[in-house]
Each structure stands twice: as C-alpha cells, then as structure tokens.
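Peer 1: Okay, here's the prediction I keep looking at, along with the sequence it came from:
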Amino acid sequence: MKLYGLLFTVFLSLTGFALSAQEMPDVDYLQDTLDYCVEYYEGEEVTDKAILDCINEELDASGYAAFPSLQAVKDFIAQGKEG
C-alpha cells in the first residue's frame with residue numbers, strides 16, 4: 001500500500017511540474033506576434049526592449065514562455081523556418 005502512496009505522490013509532483021512549465025510558441029504564432037508588435041509601434045521611436053516587452057506580454061497572456069532578447073525571438077523564428 002505504501003508503494004501506491006509513493007507512486008501517487010510522484011505522479012502528482014510530475015503533473016504539477018508539467019502544468020506549471022510554460023511551452024514555447026510555434027514559429028508562425030511568434031512571427032505573427034512580432035509583426036503585430038512592430039506594427040503597433042509603427043511611426044514611433046521604439047527600442048528593441050519595447051518590442052520585446054510587447055512580444056513577451058502577448059506570449060505570457062497565451063501561456064507561452066518569454067524570450068530574453070529580441071535577437072532570441074528572431075533566432076527562434078529563423079531556426080523554425082529552416083527546419
């Protein structure tokens with residue numbers, strides 16, 4: 001009986017970890033988000049940080065993991081389009 005209790009505890013731990021981990025977005029969604037954020041600031045003086053913040057806010061709202069830099073976003077998109 002103790003074995004079942006231990007297995008149940010391990011299962012709950014793994015399930016909780018899986019639910020709390022954020023997924024990476026697919027390339028098309030990330031490209032659309034980048035395009036949206038660039039268009040949002042069109043005509044204004046804008047920094048890479050502002051665009052990155054916009055992207056990360058959109059990703060967070062959709063349950064996806066954030067990116068550390070705008071270059072990381074562009075690299076992720078480029079790698080996805082190559083493969």
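Peer 2: Yep, it's here. Numbering: from 1, shown residues only.

Peer 1: Please count neighbours and contacts with C-alpha atoms only from this point.
Peer 2: Fine.

Peer 1: Please look at residue 73 and residue 65 and confirm they touch.
Peer 2: No. The criterion here is Cα atoms under 8 Å, and residue 73 misses it with residue 65 at 11.3 Å.

Peer 1: Just want to know which of those two has more residues nearby.
Peer 2: Legend: neighbour count by other Cα atoms under 10 Å for residue 73 and residue 65, higher for residue 73 (19 against 16).

Peer 1: Low-confidence stretches in this protein?
Peer 2: 1-21, 83 (pLDDT under 70).

Peer 1: Quick check: residue 54 vs residue 46, distance?
Peer 2: Per Cα to Cα, to the nearest Å, residue 54 is found 11 Å from residue 46.

Peer 1: more neighbours, the two?
Peer 2: Comparing residue 54 with residue 46 by neighbour count (other Cα under 10 Å), the higher total belongs to residue 54, at 19 against 11.

Peer 1: secondary structure element for that one?
Peer 2: helix 48-61 (DSSP states H and E).

Peer 1: Quick test: name the residue nearest the centre of the protein.
Peer 2: Centroid-nearest residue in the chain: residue 65, 2.7 Å away (criterion: Cα atoms, centre = their mean).

Peer 1: Run a quick check on that residue versus residue 55, I expect a contact.
Peer 2: No. The pair residue 65 / residue 55 is not scored as a contact, 10.5 Å apart, by Cα under 8 Å.

Peer 1: contacting residues for residue 25?
Peer 2: Residues in contact with residue 25 (Cα atoms under 8 Å, 6 or more residues apart in numbering) are 59, 64-65.
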